[in-house]
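Peer 1: Got a sequence here, can you build the structure:
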Amino acid sequence: MPPPDNGNMSRKTLALALIGTVAGAVLAWFLLARLRPAPSPATAPDQPVTVPPAPTVDPGAIDTLLPRDSIRAIDRPRFESASQAASAMKPDERLIGLVVNGDARAYPLPILSAHEVVNDVVGGEPVAVTWCPLCYTALVFSRHISAREEALTFGVSGKLLYNTLVMYDRQTESLWSQLYGVALDGPLSGERLSFFPSRLTTWEQWYAQHPESRVLSKRLTCEQFNCGSYSDNPRGSYVVDPYASYYKGEDLGVVDNQIPREMGESTLKQRLLGVRVGPAARAYPYAVLRQRPLINDVLNGLPLLIWFDPETETGAAYARRIEEQTLTFRAAAVEAGVLVDEQTGSRWQASSGRAVSGPLRGRQLPSLVSTSAFAFGWYDYFPESDTYRLSGDQ
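Peer 2: Below is the predicted model:
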């Protein structure tokens, strides 16, 4: 019998060991794949949500106050880094914060109150950042609509519908309601915009959460529009919000509204978070949210989550359903701004709606169409809206 070929035996042993290692790796990958949560089909924060249909509006209800473009929209926004902009920002200064595809931008209200519309491209997406100071409504829309390949560019029409901004698009001159997100008149009448979630918050909070953010520059925008110095033009130099006294006063817009005055002036001017789900609308007054900043609710059959930071008056609305699972949330015991779902124990960042740890890590709660608003503006648009109340409130 010939002697054993030790080299051949070693090769066989090595081959068997290699096969076992590969098989073990495949089995481990298979088991991990089964345990790992599947990608969520829920709407991600960088995907716009089409606004619900709006009721028919009589064009006669649209009031003309100023010639078109008397308030000039910003078409070529100029930005600074957050560190560069910080010296011109106050900690409690309010802004609209937006993140699209990882691109974070901040739009200070002193600039927005003077221009009301910013046409921008954020994270590769053409967007319109809109602010109506009369009704305290902040909404960001995609400038793409299904009826046109070319992105729209919006201007300020000088018109109001129930005290709220009416925009126009420069491509067709159709009129658009900011709060409805729908074309009211013109060739695109009835077309709906798609909503990007944003946050009306303070500079301090936004900078802490998004130090990489770019900020619409007060200095560069002032140069662009020749606004002059604060001493020469205190209301238009972006140092202060020109509507600051209006926000605190008793005036209810500049045109008549439909809300019964029996509600009381203070109630009509109170701020709220308004949410729309299909044909249903619900108002969450800030006064209520200060007492109950986390609400697991249901609207039009959809389980939803309302989160509010009383210190900065920052609010958000999400659907609290991931695939077929409805989640119930509570605040984390120690960490501010962190939520825990009772079903899986995953931890979620409240301001973004994203799970940061646990079995659902990386999942995103779908944002709902929502905005801050003064009560008189919200109920003028949505007279059938109900109001969330604490137990025992009338």
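
Peer 1: What residues are bridge-paired with the closest residue to Phe79 other than its chain neighbours?
Peer 2: Leaving aside its sequence neighbours, Phe79 sits nearest to Arg214 (CB to CB, 6 or more residues apart in numbering; 4.1 Å). From N, CA and C alone the C-beta is placed, and that goes for glycine too. Counting by DSSP bridges, Arg214 forms beta bridges with Ser81, Arg105.

Peer 1: ok, now Ile306?
Peer 2: Beta-bridge pairing for Ile306 (DSSP bridges): Ile295, Ala317.

Peer 1: hang on, the earlier thing: tell me how many other residues crowd the residue nearest to Phe79.
Peer 2: Neighbours of Arg214 under the rule other CB atoms under 10 Å: 19.

Peer 1: quick one: the residue lying closest to Gly353 once chain neighbours are set aside and Glu191, what's the gap?
Peer 2: Among residues not flanking Gly353 along the chain, Leu365 sits closest, at 3.8 Å (CB to CB, 6+ apart). Remark: distance between Leu365 and Glu191 (CB to CB, to the nearest Å) = 28 Å.

Peer 1: List the contacts of the residue nearest to Ala332 when sequence neighbours are not counted.
Peer 2: Among residues not flanking Ala332 along the chain, Val338 sits closest, at 4.0 Å (CB to CB, 6+ apart). Applying CB atoms under 8 Å, 6 or more residues apart in numbering to Val338 gives the contacts 331-332, 347-350, 356.

Peer 1: what about Val338, distance to Ile111?
Peer 2: Distance, Val338 to Ile111, by CB to CB: 32 Å.

Peer 1: sorry, back to before: who does the residue nearest to Ala332 bridge with?
Peer 2: Using DSSP bridges, the bridge partners assigned to Val338 are Gln349.

Peer 1: on that earlier part again, name the residue in Leu365 and Glu191 with the higher neighbour count.
Peer 2: Counted by other CB under 10 Å, Leu365 and Glu191 do not tie: Leu365 has more neighbours, with 30 against 19.

Peer 1: you'd agree that one is up against Trp348?
Peer 2: Yes - Leu365 lies in contact with Trp348 (CB atoms under 8 Å); the separation is 7.3 Å.

Peer 1: Identify the contacts common to those two.
Peer 2: The contact sets of Leu365 and Trp348 overlap at Arg354 (CB under 8 Å, 6+ apart).

Peer 1: right, and the residue nearest to Phe79 touches Ser83 too?
Peer 2: No - Arg214 is beyond contact range of Ser83, at 10.7 Å (criterion: CB under 8 Å).

Peer 1: Give the full set of residues in contact with Leu200.
Peer 2: 94-97, 138, 313-315, 372.

Peer 1: which one of these is nearest Leu160?
Peer 2: Ala138 (16.5 Å; CB to CB).
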